[in-house]
Each structure stands twice: as C-alpha cells, then as structure tokens.
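> give me a model of this one.
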Amino acid sequence: MSAAPAYSEDKGGSAGPGEPEYGHDPASGGIFSSDYKRHDDLKEMLDTNKDSLKLEAMKRIVAMIARGKNASDLFPAVVKNVACKNIEDPNQLIRASALRVLSSIRVPIIVPIMMLAIKEAASDMSPYVRKTAAHAIPKLYSLDSDQKDQLIEVIEKLLADKTTLVAGSVVMAFEEVCPERIDLIHKNYRKLCNLLIDVEEWGQVVIISMLTRYARTQFLSPTQNESLLEENPEKAFYGSEEDEAKGAGSEEAAATTLPARKPYVMDPDHRLLLRNTKPLLQSRSAAVVMAVAQLYFHLAPKAEVGVIAKALVRLLRSHSEVQYVVLQNVATMSIKRRGMFEPYLKSFYIRSTDPTQIKILKLEVLTNLANETNIPTVLREFQTYIRSMDKDFVAATIQAIGRCATNIGRVRDTCLNGLVQLLSNRDELVVAESVVVIKKLLQMQPAQHGEIIKHLAKLTDNIQVPMARASILWLIGEYCEHVPRIAPDVLRKMAKSFTAEEDIVKLQVINLAAKLYLTNSKQTKLLTQYVLSLAKYDQNYDIRDRARFTRQLIVPSEQGGALSRHAKKLFLAPKPAPVLESSFKDRDHFQLGSLSHLLNAKATGYQELPDWPEEAPDPSVRNVEVPEWTKCSNREKRKEKEKPFYSDSEGESGPTESADSDPETESESDSKSSSESGSGESSSESDNEDQDEDEEKGRGSESEQSEEEGEKRKMKKKKVPEGQGEGSSSDEGSDSSSSSSESEMTSESEEEQVEPASWRKKTPPSGKSASAAKEVSLLDLEDFTTPSVQPVSSPTVVSTSLAADLEGLTLTDASLVPSLLSPVSGVGRQELLHRVAGEGLAVDYAFSRQPFSGDPHMVSVHIYFSNSSDASIKGLHVGTPKLPAGISIQEFPEIESLAPGESATAVMGINFCDSTQAANFQLCTQTRQFYVSIQPPVGELMAPVFMSENEFKKEQGKLMGMNEITEKLTLPDTCRSDHIVVQKVTATANLGRVPCGTSDEYRFAGRTLTSGSLVLLTLDARPAGTAQLTVNSEKMVIGTMLVKDVIQALTQ
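I've put the predicted structure just below:
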C-alpha cells in the first residue's frame, strides 16, 4: 500500500484523504474513467518545454502501464522525448547510441521521428555519429520502403563524406536501398578508391564488392580484345593465347570481329581501382583478401590475375571454415585460369587432419590443375589417398581419377588398370565407385577394352556389392557383341542366383537377358524365358512390371507385333558417353565470394554481376570540379609550372606508355609528369614564392649578365677529354673540398640552418657569383645541352636563385659519382678506440660514402689513427677477424710506423650484408691487440640512385603492401624549408634526390650495397607541419629502421 500516496498525487488530488483508492483494482471502472479524462492532456504535457510537466506525464504513463492500461498511442511522444533529447547530447557516443536505439524500434508510427533523426545525424560534426546514421538507413528502409527517396538524398550526402569511418557504412546503405543508382557513385568513385586502403575491413569488403559491379558497367572488358593490347602489339599477329580451347566457330567469329575493333586501352579509372586494391591482398582479413581476389578475377586483364594466387594460397593456412570458402572459389577459378595456380600445386595436397569437405575440395582443385606435365605427380598423390580410412574421400578420389583419365588421354589406360585393381577391394563403396567410373570410361572407347569387360565378367562371382554387380551386368549387356562367348555364360550364372539377388541387380539381369535375346537368341532364348518367368512372380512389383513389359516388347505376339519390330532400336540404341566435368564449371556466372556462389543457387538479395558494355560510357562523369577559390589560389603556382625547364627531347614521353604502366588517374592529381616543370620544383623551395618572383624581376639584367659570364667561364673550365670524366683525381679533389665545405655549413648553429631558400634568393649576387658558379658546376648542367655546341647565352639563364633551389636535386646522369650529393655521412667521426684503452693510440672512424675501390658492395670506412704516446707505434694492421656469416672485411694496408704526435688515415671496406650487425675485428700492433667494433647506421648501407619521377612511381608501385612502411610525423618550425629537409634526409641516409612535380613532396632513391635492393623514400609535407613518411623496400627490416632514423632526424 506504499504506492497509494503516489497514485493519489498523480490523480491531482481527485481522491480525498478518506476516499478509497481505486487504482488497486484493475477491474475497477472508476479508475479507467478518470484516466480517460487526463489521457488527452498527456500528449500536451509531453510536448511542452517544461521538464517538470514532462516528468509528471511520464510518471502517469508508467502508472497506466502498471495498471494494465494500453498506452501504445503515446509511444511516439515518449520516444521523441527520450531519444531526441539524447540525440542532441554533447557527447558523440550518447548521440550515436540514441540513434541506434531509435532505429532499432520496429514500430511504423515513429518513422517520421526516425527520419528526422537520421537527417540530423547525417550532418553531425562527429564521423562516428554519421556512421551510425548510415547504419540506421537500411533499418528505416526495411521498416518503411516509401521513404526511399528521402533516404537516397541522405545517402548522396553521406557518399560525399571524406571520412574513412563513414565510407564503408554508407556504401552498405547504398547497396541495401538503391544499388541501381550508380549515378551516385560517379563523383565519388575516385575518392572511394583512394580511401579504400584506410577503411575498416568490413567496409573494405562492402566497397570492393560494390566497385566490382560498378566497374563492370563503366569500363570495357580487358579480355575481349586481349590480343591487341598496346604493350604487346605482336599478339595481334599471333592471335590469342588463352588457355581455354575454343571451338572453330568462335575462332572464326573472333577473327572477323577483332580486326574491326580498336586496340584496347585501359581506362585510367579502371587502372586506379586495380592499383589501389592490390595492396589489400596483404590484409590480415580473409574476407578482404577474398574480395580483392574476386575483383581481380572479374575485372583484371588475364596477365594480371595471377597476383591473387599467392594471397589465396596463404589463406589455406587459416581455419577450416575459411579454407572451405577459399577452396570453393579457387575451384571455380582453376577451371578458367589453370596456369595461375599450377606453381602452387603442392599447397593443395591433402593432409590427414583435413575435414572431409576440405579434402574433397582440394581433390577438385588438384583435378582441375592436372595436365600432361604434372599428371604423374597427381596420380601418385591419388594412389596414396585411396588407402585412406575416410570412405567418402576415397570415393571422391576414384571419381577424380576418372576425370583425369577423361581429360588426359595418355594416362587413360593407366587409370583404367588402377581402377580395375580396386575392384578387389574389400570395401563395398570403393568397389562400387570403381565400377561406376570404369563403366563411364569404357563408354568412351568400348572396342579397345574388351579385355577389361571380360575381366569384369569374371568378377561377378566375387563381387557382392549390388551397385557394382549391376554396373558389370549393364556393361556386358551394352557391349555384348564384344564378348559374345562370355555374355551368355554370365546370364546363366545370374539366372541361377536370380531369386537371391538385390532388386537393382535383378533389373539389370532382365535387361541383359533382353539384349542377349535380341542379339543371340539361339543360345539365350530359353534362358531369357526362364528369367522372365522368375521375374513375373517376384515380390517386388517393379520387377514384375519390368518383366511383363520386356516380354511384350521382345517376344513377337499378335497384339504387340508393332513394338517388337523396334525392340533392337529401343534396347540397343547407341548411348552417348557420359561427360565427366567439374561441378564448379558453370559457377562463375555468380560473383565469386558471394553466398550464391557458395550454394550454387541464387540467394535472397543477390545482385547479378553485370555484363561488360560494348562501348565504354562517358568517363567524364567521374570528373570532380575543382572549387573556384582553389583555382585562384593556385594560379601563380600553375604559371610557374607552365615554364619548361627541361627540353622536349628529354621529357618523359607520356603517350608511348602502355595501358598497364600505372598512369596517374585522378583529374586533379599529378597526371602531369616531371618533365612538365623543373621550375615547379624551384617554386616549391620557398613559402614566399610571389615575393621572390617580384624581387627577381626587380633585380634587372645586371645579375643576369654576371651570371652569364660565370656560366661561360664554368663551361670553358669543364671542357676536358671525355676519358677523364668524373673519375679523375682533380675532379675528386674538387668534389671532396666542396663536400667538406658543405658539411661545415651543415654543422653550423641552428639559426643558420633555419635560413629559408628565399633568403638565399634575396642575397645580392655580386659577392656570391664565383661560389654560385662553382656550386652549379657540381650539378653538371651542361648535360642538358648538346656537348658539341659552343656554350652561348641561352634564353634560359641559370640564376643564383635557381642554383640555390637546385641544391640536392639529382639532375645529373646515373653515372655521376654518388659523393657529389652526399660525400660525408651525417654521423661524422666516431670513436673506435679511446687513447686510454689504446695506451696512447686513439682511433676514430667515419663513413665516407665514397665507392670502395676494392669492391662496390662494400661500405667505405675511413680510419683515423693518432699517436698521443711518447713512443712510436709500429705495425698497425687488422688481425684475423671473427665475423658473422655474410659479413666480410677488406683490410687497409699495414702502417709500418706512427711517430709520437703523428696522425695517419687509412681506408678499409666492410660488406655488412645489408644488416646493421656490427663487424668485430682486431686492431693489432707489434706488441698489442685491441678488440674493436664498427656498427653502421642503416642509412650507410645504401648508395644513391638517380631516376626520373615516372621511374620512381613505377618502381614504387611494385613495392607496395608489406614492402611499404608509412608513418606520420609533425615537422618542427626549424625544419620547414626545403633545404633543411633535404639536408637532414640525405645526412641520415645515403640517398639521391628524385625530381618531383609537386611542391610539398620530396622523393629520394637508393639501392642497398650488397643485394642492390631498391629503397624509395617519400616525404609528403603539408604547410601546417604535418607530414607523412613512406619507405618502400624489399628489405622490410631496413625500411623500418630507416623510417625510425629519418623521423628522429627530422623531428629533433
């Protein structure tokens, strides 16, 4: 009764203190009538802005529900107050949870509230809330499909979202609500392709599946005209090299249609999709790998599909459930793309621990991959499998042997002999399956296998399996003309045991008797009548009916004479040989990886894979217009890029690239190659481009004249015979002197290091002309002019500002000595032996970055000896080292004597075998031995490589996935100028600068000294200081360590 006061308060004092409380009697009419009076007011109370009235209304509603009152008509008002308040909560998690709860309420009456909540959440500042809104769209659509138009507007808005968190969810909503509206994808296609690598795994699967169907409607088939691909024009003469055998009619049709078609050129957007999904083959998620595999199978040219094989084979090490799905898809792929999986044949060998379903699928794949080359290996495997205890698996193996015998004619006899031996097996299933397969094989060439039929006939006394006995009897009856003596005798034996046989055997005995009666009635007439008489009174009505039917058919009578004349045609009609085909042959019309493909039946919600279009739709629908304010802000940069620096003959020839040469695809991205502008590179060297440009114009012709004179003097100095080149000692001396001066500059105070490139541009050229000319001479700018032409003043004058901008750029030829760019390591001299431990002998070492003359695979190390003792040190040499495997040392010549106070320098080579493992050796004198160790930084294990921007991108495309390491960092204010960035990177790693057409990107390239593996480094720096460092290398350990060292150098 404690609730009575509360209820009385809820009633607003309608019940006095002495009046009885009616609320405790649910059957009481009084309380219901009083509730009805206030029921209309509850909605008004819930709609007010006062929380006290809303709370009072909620209390009354709870009281009504407790009394058994139906309050369902108040449900929308309650939801609006509970959910909508939370939807406006400042906490994003609460807003998302409120929307999730609201969309999970399956009551049609709140659809308008749900729609408003989804529209509001789609514009939320939090990407997590927008993601939840995308999840709510399919829920609302399933509740009320009439809201489709409004939901499509929300989907279109969310598709434009640039957040990876939202992308997968909105594409899933698109697939559920309006998959036919591919026009919504056009503008977002490139964005989805580029975001794909960063989307969560579930979203990646959804997006890839959608983009597969999108590509089938927007691009031309890469295989329809494969013989005329641009990169292989000779194929148009030799014809197609497809694995599948085509009929003569299709070949003639292809011959008439191919010449009329234009050579196939892959759409750049098609290439973008293939290139951006390829790294996902390294994903840890089996679903993502499977999604990429099906995309490549359905969209990629035949020459590129093979990349998915290794990834799919890797998935076979996963759980049995994953293996089952993967093997289903591999079995389908291996029918049309057999060569793709042939190198991995052993990966499909069956383990004893595999479940039966996995064993059967692996058998399917092995059978599909069998050819004349590997059939001996495959048959040896099958021979082992037949001894398995798993009888279903053994039966499947026998069927696989039959398929191999059908497909490969030269092993047919071998397979038949093996199957005949299996007829003596004790297991009924094995014998029955063997007989069935033998029967199918014999139907192909019955005339050549009369002996096998005779052998089978002899086994009728021993084989007791009904299916096997029935198959043997069918074979003898079908080919009785090949065994005319044995067939009647078999019928005689069967007639003796007819009453004891199984029903399936009795039916075949009747068939055998009828066939022998028609072909050899003299010997078998009485036997046939006897068998038919026994069958006439059999207990099974099927056998009785068959006997009556057969008797009327083969025995002439007055009533059945017409039928008996055609008895031979009915019983002995030629029967086509059965075709032993894979059960996966026609499954490829389902999209791989789908449930429909797994079940081999169209599942609910499955969307058919569209056919390729005959003509490609307009590709401009995927172009995204650049906002006008962006165009204005970049006007000056574009003017700079329009000025050609390189000559046309030296630019990269874009039109000659093949369709598969990784072109840039986005309209707003760098489809312009590095040949477009070298001045664009110089424009990126400073943040104050416009100011510098104006100042350069204001300097007048005075600086140009002085620089022209310096250029002429430099050209005359560099006219030396070609044989001397960079290898001459004079050049090396000048290089080393300039490099030492450069290193002294780098070791100055931090304030001097921070000087931007623009400061160097503003410096008057009068006092710097000689040094500027010397600096430019190191870059061999005459390589860009014809050597035979006398140096004259050209319109393109190399100014001091340009020379300053060109610092660090690898404009030289590949044969240039690497020391010209980074001759001294940024590590500097390090102590090898302290003078106290060395008893007066102090030893330092430094990595010189000069090529070691004895072996180009070795790191050149300069050893500095100093004698601080009072006595001479004699016989300095390297003792016998004990080195790890792969590391070797080229010793320096012995130093005979080092007087007190004297110093000496020696050069030794060390092959670190592309590792940072220390090289331990002994420094020996005539009296002492000192154990020392040299451990290289990872940046000293490589040499610079010079390449163009297109070459860099091409090589980078080959080193994706696990060969790519990416880290984000924030550049300090002291490391924002181009000169400082290049200086710090090249000091950390012995890499060469690669020209780049964009202002905020730096590229460096090198090769490891021992293995020659490429190391590509990309630094994408933003004006705000955020940057992304990417290293691509086959040597993943080197790449990881290099990323760490470069980040440390840039951020300290």
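> what is the neighbour count of the residue lying closest to Ile934 once chain neighbours are set aside?
Distances taken as CB to CB, 6 or more residues apart in numbering place Ala919 nearest to Ile934, at 5.1 Å, with adjacent residues excluded. Placement of C-beta: from N, CA and C, glycine included. Applying other CB atoms under 10 Å, we find 22 residues neighbouring Ala919.
> so Gly909, which of the three states?
What DSSP: H, G, I helix; E, B strand; the rest coil gives for Gly909 is strand.
> hmm, Asp855 and it touching each other?
Yes - applying CB atoms under 8 Å as the test, Gly909 and Asp855 come out as touching, 5.7 Å apart.
> those two: which is more packed in?
Gly909 (20 against 15).
> and stretch 1007-1026, how far from the chain's centre?
Stretch 1007-1026 sits 22 Å away from the centroid of its parent chain (CA atoms, centre = their mean, to the nearest Å).
> could you work out the end-to-end span of it for me?
Chord length of stretch 1007-1026, first to last residue, is 28 Å (CA to CA, to the nearest Å).
> give me the number of residues near Thr406?
Number of residues near Thr406 (other CB under 10 Å) recorded here: 19.
> doesn't it lie inside a strand?
No - Thr406 is assigned helix when assessed by three-state DSSP, not a strand.
> skipping adjacent residues, who's closest to it in space?
Leu580 (4.4 Å).
> contacting residues for the one you found?
The contact partners of Leu580, taken as CB atoms under 8 Å, 6 or more residues apart in numbering, are 399, 402-403, 406-407, 440.
> got a winner among those residues for most neighbours?
Highest neighbour count within the contacts of Leu580, by other CB under 10 Å: Gly402, with 25 neighbours.
> mind checking which helix or strand the closest residue to Asp354 other than its chain neighbours is in?
Among residues not flanking Asp354 along the chain, Lys362 sits closest, at 7.1 Å (CB to CB, 6+ apart). Using DSSP states H and E, Lys362 maps to helix 356-369.
> now the angle from the helix or strand harbouring Thr397 to helix 356-369?
Secondary structure from DSSP H and E places Thr397 in helix 391-407. Compare the direction of helix 391-407 with that of helix 356-369 by axes from the mean of the first three to the mean of the last three CA atoms, to 10 degrees and you get 10 degrees.
> quick one: mean pLDDT for helix 391-407?
Mean pLDDT, helix 391-407: 87.
> roughly how far is it from the heart of the chain?
Counting by CA atoms, centre = their mean, helix 391-407 comes out at 35 Å from the chain centroid.
> please apply the same query to stretch 438-458.
Distance, centroid of stretch 438-458 to centroid of chain: 50 Å (CA atoms, centre = their mean).
> so for it, mean pLDDT?
75.
> put the alpha carbons of it into PDB.
The C-alpha coordinates for stretch 438-458 follow below in PDB (Å, rounded to 0.1, in the frame of the first residue of the first chain):
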ATOM      1  CA  ILE A 438      35.200 -47.800 -65.200                       C
ATOM      2  CA  LYS A 439      31.800 -48.100 -66.800                       C
ATOM      3  CA  LYS A 440      32.000 -44.400 -67.800                       C
ATOM      4  CA  LEU A 441      35.500 -44.700 -69.100                       C
ATOM      5  CA  LEU A 442      34.700 -47.800 -71.200                       C
ATOM      6  CA  GLN A 443      31.800 -46.000 -72.800                       C
ATOM      7  CA  MET A 444      34.300 -43.700 -74.500                       C
ATOM      8  CA  GLN A 445      36.300 -46.500 -76.300                       C
ATOM      9  CA  PRO A 446      34.500 -49.800 -75.800                       C
ATOM     10  CA  ALA A 447      36.100 -51.500 -78.700                       C
ATOM     11  CA  GLN A 448      39.600 -51.100 -77.300                       C
ATOM     12  CA  HIS A 449      38.700 -52.500 -73.900                       C
ATOM     13  CA  GLY A 450      37.100 -55.900 -74.500                       C
ATOM     14  CA  GLU A 451      39.600 -57.500 -72.100                       C
ATOM     15  CA  ILE A 452      38.500 -55.300 -69.200                       C
ATOM     16  CA  ILE A 453      34.900 -56.200 -69.900                       C
ATOM     17  CA  LYS A 454      35.900 -59.900 -69.800                       C
ATOM     18  CA  HIS A 455      37.800 -59.300 -66.500                       C
ATOM     19  CA  LEU A 456      34.800 -57.600 -65.000                       C
ATOM     20  CA  ALA A 457      32.600 -60.500 -66.100                       C
ATOM     21  CA  LYS A 458      34.900 -62.900 -64.200                       C
END
